[in-house]
Structures are given as structure tokens and as C-alpha cells.
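[1] no FASTA, just this:
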């Protein structure tokens with residue numbers, strides 16, 4: 001009897017020491033950030049006036065130390081909560097009515113267990129790409145205040161605010177927040193959260209990327225990519241240093257130069273494809289991540305409506321209406337007129353996995369001339 005009691009006390013002491021050590025290690029890695037593990041869309045402090053957002057960012061803020069116990073609770077609860085994808089606090093029954101007025105649909109703060117992998121946007125029609133989804137996430141996170149209450153109208157959120165990283169709990173923030181625990185916790189989040197992805201026709205996506213990044217005065221993309229294209233494929237050994245100077249001289253890469261750049265084996269020897277033209281299967285890893293929903297940009301509004309119902313937030317927010325994207329499959333043949341047939345076929349091979357994985361037909365009108 002004495003031996004059993006002694007063994008019990010030894011196990012209690014060792015267990016307590018282990019828990020204390022675990023908490024110390026966790027606290028050391030986590031620090032005193034206010035972000036919690038199950039805040040997939042929550043940014044930092046609430047912003048009351050978007051017009052003053054930039055000014056407020058520059059003002060010093062008094063750091064607030066979070067509750068140690070609440071931080072640990074968030075850490076533990078993430079493993080204990082069921083992976084239903086539902087808000088951690090159930091919605092009141094009366095909020096299920098889709099026809100309620102906006103002011104009557106306010107829902108107390110929820111932790112929506114959602115991860116978004118958006119397509120890269122076309123600046124000419126940003127509302128049909130990731131901008132509106134970022135607005136949706138801001139509305140759900142209740143991180144932007146309007147007259148003292150959370151903003152509920154996605155279109156009232158300015159584009160620059162929607163794309164402000166401070167408004168979102170990004171992957172980089174998650175990685176910095178949890179240090180060496182991040183990889184393991186991300187696996188948990190990927191298992192428990194609803195995950196969705198929006199894609200578009202691969203060739204139309206390339207046309208959109210070219211128009212967005214190389215037909216306008218974009219100094220970053222000119223410096224990083226356009227100058228390379230001009231030197232390699234346009235016989236400009238010393239292209240102008242600035243995009244303004246280049247456009248004033250009528251010097252800019254053509255769509256053919258862009259396709260040559262994509263097909264050139266030297267391109268990815270220098271660095272991987274930019275996210276705006278990297279294959280979607282490489283960018284979002286649909287074979288490794290089991291997405292709960294895959295939407296298409298061509299039917300963005302219909303898919304978004306269905307997805308919001310699936311996520312059970314259609315009574316909280318509506319996806320904004322928008323015009324159809326100006327870059328459509330109808331324009332593909334016009335853009336590829338300058339691209340030799342053999343290059344088109346090589347390009348299809350490069351993006352064939354995207355066509356097949358996401359249900360897009362082979363563009364025979366472009367490939368069989």
C-alpha cells in the first residue's frame with residue numbers, strides 16, 4: 001500500500017513539473033501578442049475610421065499585456081473544439097432569417113473557423129477577385145468600426161483597407177506568433193477549419209496578370225520582371241531604369257515576351273514563379289490540402305452565395321454584386337494571335353494540371369490551329 005501511494009505521489013510531482021515546463025516553453029515561444037490561435041481573420045486593434053487608418057498607424061500605441069490564462073485557454077481549446085467549421089459561439093435562433101434588416105442582423109463577436117486561399121486579383125476588376133473576400137473577412141471579424149459598431153457593409157470598406165495586412169491574421173503573423181509550434185498548429189487548423197479556394201481559367205489568368213502588371217506603371221514588376229524580358233527577348237540590352245521613362249519611350253514587354261519568359265527554363269532557375277502566374281496547384285496545393293469548397297471566378301457570385309450558406313454566415317454578410325470580369329475566355333484568341341502555335345502548346349503543358357484539376361476544358365481553338 002505504501003509503495004503504491006509513493007508511486008502515485010511521484011507521478012503527481014513529475015506530471016506537475018512537466019506541465020510547468022510545457023507552459024514555460026510555450027510562453028517563451030508565444031510571447032505577449034494579443035493574437036489567438038483561433039482568430040483566422042482577426043486583425044489587431046479595431047479601426048473606427050478608415051480615413052484616419054494611416055494616421056492612426058503612425059501614432060504610438062500603449063502595449064496591452066494579454067491574460068496569460070486566456071492565451072493558454074485559446075491554445076488548449078483549439079485542440080478540444082470539434083472540427084465543425086461553425087462559430088465557437090452559436091448564433092441566436094432569430095439571426096437565421098435572411099430577410100432581416102442590416103441593423104437587426106448584428107451578431108456578437110464570433111470566431112469563424114475559416115481559411116481563404118484567394119486568386120490573385122486583376123486591378124481592373126478587383127471586386128470579383130480577392131478584395132471582396134478580404135472585405136467579407138473584415139466584416140466577420142468585426143475589426144472595423146463604423147459609428148461605434150462593427151462595419152457590416154463590405155462595399156463600405158475601402159480597397160486600401162481591405163488589402164492592409166494589419167487588418168488580417170496572415171500566415172506570416174501566425175508563423176511569428178507561434179514560432180516552432182506553428183507547423184504543428186497549422187496542421188490542426190487545416191484539419192479543423194473550413195478551407196476554400198477560388199480559381200480561374202489558367203490562360204485567362206495569365207492574360208489578366210499581364211494586363212495588370214505590365215500594361216500599367218508598376219515599378220516593382222517592371223524592375224523585377226519587365227526589364228528581364230526586355231533584355232532577353234526584345235534586344236534591349238540597357239532598358240530604362242524606371243517604368244515611367246520606359247513607357248514615355250514606348251518600351252515595354254509584349255504578351256509574347258511574357259509567354260517566352262514563362263517558358264524559358266532560366267526563369268525558375270533564378271527564382272520561382274510569382275504568385276500571379278504560378279500554377280494554382282503549386283500555389284495552393286489542392287493535392288495536399290483537402291479544400292471544402294473550390295469556387296470559380298467565372299461564376300464568382302453564384303459560388304460565393306453557395307459558399308456563404310455552406311459556412312452558415314449568409315445571415316451575417318452578403319457577397320457584393322459586381323460586373324463580370326473584363327478579361328474573359330472570349331478574348332483568349334485575340335491575345336494569343338502573336339504567340340506561335342508551338343509555344344501555345346508548350347504553355348498548355350506547363351498549366352495542364354490546373355486545367356484538369358479545376359475542370360477547365362482544353363482550349364482547342366487556341367491549340368489546334
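    Happy to help now that I have it. Model, not experiment: these values are computed from the prediction.

[2] contact partners for residue 261?
    Residue 261 makes contact with 225, 228, 229, 232, 233, 253, 267, according to CB atoms under 8 Å, 6 or more residues apart in numbering. Every residue, glycine included, has its C-beta placed from N, CA and C.

[3] farthest pair in these?
    Longest distance between any two of the contacts of residue 261 is 13.2 Å, between 253 and 267; criterion CB to CB.

[4] who has more neighbours out of these two?
    Neighbours were counted for residue 253 and for residue 267 using other CB atoms under 10 Å; residue 253 has more, 26 against 17.

[5] wait, the more buried one touches residue 214, no?
    Yes. Assessed by CB atoms under 8 Å, residue 253 is found in contact with residue 214 at 5.7 Å.

[6] so what sits against both of those two?
    Contacts common to residue 253 and residue 214, judged by CB under 8 Å, 6+ apart, are residue 226.

[7] tell me how far the ends of stretch 230-237 are from each other?
    Terminal residues of stretch 230-237 lie 8 Å apart, using CA to CA, to the nearest Å.

[8] in it, what's buried?
    Residues of stretch 230-237 classed as buried: 230, 232, 233, 234, 236 (neighbour count, 16 or more other CB atoms under 10 Å).

[9] so the last one sits right up against residue 229, yeah?
    No. Counting by CB under 8 Å, residue 236 does not reach residue 229; the two are 9.0 Å apart.

[10] quick one: least confident helix or strand in this protein?
    helix 68-80 (a mean of 45; mean pLDDT, DSSP states H and E).

[11] for residue 257, give me its contacts.
    229, 230, 232, 233, 234.

[12] give me that answer again for 7 Å
    229, 233, 234 (CB atoms under 7 Å, 6 or more residues apart in numbering).

[13] equivalent analysis for residue 365, please.
    Contacts of residue 365 (CB under 7 Å, 6+ apart): residue 333.

[14] neighbours around residue 353, how many?
    16.

[15] quick check: it vs residue 170, distance?
    To residue 170, residue 353 is 27 Å away according to CB to CB, to the nearest Å.

[16] sort out which residues of stretch 247-262 are buried, please.
    Of all the residues in stretch 247-262, those buried under the rule 16+ other CB under 10 Å are 251, 252, 253, 254, 255, 256, 257, 258, 259, 260, 261, 262.
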